[in-house]
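A.B. asks: My questions concern the predicted model and sequence given below.
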Amino acid sequence: MTSGHFTHIHHGKPLIEWSDNIKERHDYVRKIKPKRERALRMALMIRVPDGLIPNAYNEARLVYEEVWRAYKEASRAYWEEAGHAHWEASHEEVWGVYEAVWRAYNEARRAVDWQAIHDASCHQKCPMRDPAATSIFARGKTLKQALR
């Protein structure tokens, strides 16, 4: 499965992020990131089991994504249909809804114990099991150094 919540899509925090297509990130790491970092980055990008993600957060995320699509559509309408008055009305209406949904989504995200979910799903020797760590590279940039 290429979509879902994954640990360490990036080297720091957040510990867990949603990806619509993790294969794109894998390709990016393989092509762009320094060779010495690639194995560690790939080893720590682990799909989090759906059952570990709280339903309240998932519901808030899905609503947020839907409203974000509506906002982008209102933006597209402005540029493609060139109706400035239409844009103002659509933008204000959608932006107001977007802001409210964004706040609810962030509240739901803050309510989740991401460290506990990370610890239950990531590598047993992941450097980020230490809540004070700020990067997967806390012990070094190679797989051998980091997962000792």
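C.D. replies: Arrived safely, thanks for sending.
A.B. asks: from here on, contacts and neighbour counts on C-alpha atoms
C.D. replies: OK.
A.B. asks: can I see the domain layout of the protein?
C.D. replies: Structurally, the chain divides into domains by automatic domain parsing as follows: 1-53+121-148, 54-111.
A.B. asks: Endpoint to endpoint, the last one covers what distance?
C.D. replies: Spelled out, that is domain 54-111. 10 Å (Cα to Cα, to the nearest Å).
A.B. asks: now that domain: mean pLDDT?
C.D. replies: Per-residue pLDDT over domain 54-111 has a mean of 81.
A.B. asks: ok, now stretch 5-16?
C.D. replies: For stretch 5-16, mean pLDDT rounds to 96.
A.B. asks: what's around V97, how many residues?
C.D. replies: Burial of V97, expressed as a neighbour count using other Cα atoms under 10 Å, amounts to 16.
A.B. asks: Same question for V29.
C.D. replies: Summarising burial for V29: neighbours were counted as other Cα under 10 Å, giving 19.
A.B. asks: Skipping adjacent residues, who's closest to it in space?
C.D. replies: R38 (6.2 Å; Cα to Cα, 6 or more residues apart in numbering).
A.B. asks: Next, work out how far apart the one you found and H11 are.
C.D. replies: Relative to H11, and taking Cα to Cα, R38 is found at 11 Å.
A.B. asks: ditto for D50
C.D. replies: As defined by Cα to Cα, D50 lies at a distance of 22 Å from H11.
A.B. asks: neighbour-wise, which of those two wins?
C.D. replies: When D50 and H11 are compared on other Cα under 10 Å, the one with more neighbours turns out to be H11, at 19 against 11.
A.B. asks: distance of that one from R25?
C.D. replies: In this structure, H11 and R25 are separated by 12 Å, where distance is defined by Cα to Cα.
A.B. asks: Please name the residues that touch the residue positioned nearest the centre of the chain.
C.D. replies: Closest residue to the average C-alpha location of the chain: E17 at 2.7 Å, with Cα atoms, centre = their mean. E17 makes contact with H5, F6, T7, H8, I9 under the criterion Cα atoms under 8 Å, 6 or more residues apart in numbering.
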